[in-house]
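Asks: can't give you the sequence, but here's the structure:
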């Protein structure tokens with residue numbers, strides 16, 4: 001990791017909640033002799049744009065496991081409704097200008113994705129946040145509800161996300177579908193503002209659709225994330 005004078009400090013935060021709804025303790029599951037969270041942390045540490053990486057948890061078991069492999073760890077509230085809220089708390093009081101939310105259950109995370117994600121915020125001071133997308137070429141993947149799709153405008157600004165195949169392909173016209181890569185980077189003030197807003201009820205979002213603020217994926221993502 002490198003420091004850049006005159007550039008905003010970039011903080012990576014890995015939210016690691018123990019009480020996962022579908023698989024409690026998932027972040028501590030053993031993968032090739034190491035807990036999942038360690039694999040994520042090691043890959044995040046390889047991103048050249050990150051000046052610091054924190055693991056944010058609400059459970060002493062996770063904290064102790066992370067300390068055992070040398071990770072910097074911060075305890076956060078168990079009351080958070082989302083990983084974004086946990087990331088926002090962890091970033092509070094740091095000198096970060098840009099904060100990256102690194103999913104704690106992605107042991108195969110490509111460090112290059114983080115660098116691609118942060119690049120637009122470093123290049124465009126007015127951009128409040130960014131996320132990643134890559135083209136879906138497999139028609140079966142387009143229909144897969146486990147893959148979140150995203151629709152952007154002509155400038156690359158994300159408009160909405162869904163597990164349904166969006167945009168709808170009428171008459172098989174060769175529409176390009178984009179898979180959302182679940183990484184987010186925020187300017188610190190925007191993250192604080194975003195996390196402080198009330199969470200809308202899930203039923204108001206529509207089936208399989210996720211409400212998000214407008215964001216611009218890195219231009220390189222339109223050609224895949226490598």
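Replies: Arrived safely. Predicted, not measured: the structure shown is a model, and the values here were computed from it.
Asks: going forward, measure contacts between C-alpha atoms and count neighbours the same way
Replies: OK.
Asks: tell me, what residue is most central in this structure?
Replies: residue 183 (2.3 Å; C-alpha atoms, centre = their mean).
Asks: Can you tell me the SS state at it?
Replies: Assigned with DSSP: H, G, I helix; E, B strand; the rest coil, residue 183 falls in the strand class.
Asks: Distance of it relative to residue 116?
Replies: 10 Å (C-alpha to C-alpha, to the nearest Å).
Asks: How are the helices of this structure distributed by residue range?
Replies: 36-45, 60-68, 83-91, 111-123, 139-143, 188-196 (DSSP state H).
Asks: Run through the neighbouring helices and strands of the second one.
Replies: Pointing back at helix 60-68 there. When contacts are defined as 3 or more C-alpha pairs under 8 Å, 6 or more residues apart in numbering; DSSP states H and E, helix 60-68 sits against strand 72-75.
Asks: residues in contact with the residue nearest to the centre of the chain?
Replies: 100, 101, 102, 103, 114, 117, 131, 132 (C-alpha atoms under 8 Å, 6 or more residues apart in numbering).
Asks: Among those residues, which ones are in strands?
Replies: Among the contacts of residue 183, DSSP state E puts 100, 101, 131, 132 in strands.
Asks: and the residues you listed as JSON lines, adding distance to residue 62?
Replies: Listed next are those as JSON lines, based on distance: C-alpha to C-alpha, whole Å:
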{"residue": "100", "distance to residue 62": "20"}
{"residue": "101", "distance to residue 62": "18"}
{"residue": "131", "distance to residue 62": "27"}
{"residue": "132", "distance to residue 62": "28"}
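Asks: Adding neighbour count, write those residues out as a markdown table.
Replies: Putting these into a markdown table (neighbours: other C-alpha atoms under 10 Å) gives the following:
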| residue | neighbour count |
| --- | --- |
| 100 | 29 |
| 101 | 22 |
| 131 | 27 |
| 132 | 29 |
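Asks: Of those residues, which is the nearest to residue 65?
Replies: Nearest to residue 65 among those is residue 101, at 20.2 Å by C-alpha to C-alpha.
Asks: quick one: the closest one from residue 155, how far?
Replies: Distance from residue 101 to residue 155, by C-alpha to C-alpha: 23 Å.
Asks: Over to residue 60?
Replies: 44 Å.
Asks: ok, now residue 94?
Replies: Residue 94 is 32 Å from residue 155, by C-alpha to C-alpha.
Asks: worst-scoring helix or strand of the chain, pLDDT-wise?
Replies: Across the helices and strands of the chain, mean confidence by mean pLDDT, DSSP states H and E is lowest for strand 209-210: a mean of 36.
Asks: Could you report the neighbour count for the nearest residue to residue 8 once chain neighbours are set aside?
Replies: Once flanking residues are discounted, residue 8 sits nearest to residue 97: 4.8 Å by C-alpha to C-alpha, 6 or more residues apart in numbering. As a burial measure, residue 97 scores 17 neighbours (other C-alpha atoms under 10 Å).
Asks: just residue 155 next, same as before
Replies: For residue 155, using other C-alpha under 10 Å, the count is 9.
Asks: again, but for the one 3 residues further on
Replies: Counted with other C-alpha under 10 Å, residues neighbouring residue 158 total 22.
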